[in-house]
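Trainee: what's the 3D shape of this:
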Amino acid sequence: VFIGKYPDLFGDVFDDNVEIDKYPSKYIDIFANTGFSDRDDIITARFICDRAVQNELVRHRCLSFSVESTRYVKYEDGLTLVEPWWWPEQETADTQFVRASCQAAEDAYCSMLKMGCSPQKARCVLPLMLKTEVVATGTVEYWKKYVLPLRLSKAAHPDMRRIMTMFCEQLGWDPAEFGG
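Mentor: Numbering: from 1, shown residues only. This is a model prediction of the structure:
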């Protein structure tokens, strides 16, 4: 089980889990068809995050999504997990428990594959910390009006707020404008 944060586009290791740049980039790609209006301009972003954050993001029906499949991807070489940003620097009892749980999930998944289960059957034991990629497309208006206010609010999950803050900053938008 690999648990870690993802490096930024330039290869340095930051405490950032998402990256945005002109298409294509390493962790988040943005293709922006701009020059018209917020209603007509389109932004497509590719995020690398965990399954829990991805599940929150895909609830926005005003965007279109493409998500990495756990149904067909076979994690034979082990799982890659995303460490939450709020985890403390030092191991604690709860982080040790989470790591042990993730190891048990990986062991169960690999055992199911060895017993002949298909990846789509074995995926039922995968943890929400599993690394995934999600591509989201929507108009600038939808990102600003619907997605960002909800995902930057104080009630949003800390990892989601972190990703959306970086999304805004790397597009030159002020997250505070949307509640962040």
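Trainee: Quick one: the helices in the protein, in order.
Mentor: Secondary structure of the chain by DSSP state H: the helices cover 51-57, 93-114, 119-122, 140-142, 148-151, 158-171.
Trainee: can I get these in TSV with mean pLDDT and mean neighbour count?
Mentor: For every residue, glycine as well, the C-beta is placed using N, CA and C. Output for those, formatted as TSV (pLDDT from 0 to 100; neighbours: other Cβ atoms under 10 Å):
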stretch	mean pLDDT	mean neighbour count
helix 51-57	91	20
helix 93-114	92	15
helix 119-122	93	16
helix 140-142	89	18
helix 148-151	94	19
helix 158-171	88	20
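Trainee: closest to residue 43 out of the ones you listed?
Mentor: Between residue 43 and the helices of the chain, the shortest gap by Cβ to Cβ is with helix 140-142, which sits at 6.0 Å.
Trainee: Let me see the confidence value for residue 143.
Mentor: For residue 143, the pLDDT comes out at 92.
Trainee: same thing with residue 48?
Mentor: Here, the pLDDT recorded for residue 48 equals 86.
Trainee: from memory it sits against residue 135, does it?
Mentor: No - counting by Cβ atoms under 8 Å, residue 48 sits too far from residue 135 to count as a contact (10.7 Å).
Trainee: The two: who's more crowded?
Mentor: residue 48 (21 against 17; other Cβ atoms under 10 Å).
Trainee: in the sheet, who's paired with the more buried one?
Mentor: Beta-bridge pairing for residue 48 (DSSP bridges): residue 133.
Trainee: What separation do you get for it and residue 103?
Mentor: As judged by Cβ to Cβ, to the nearest Å, residue 48 and residue 103 stand 22 Å apart.
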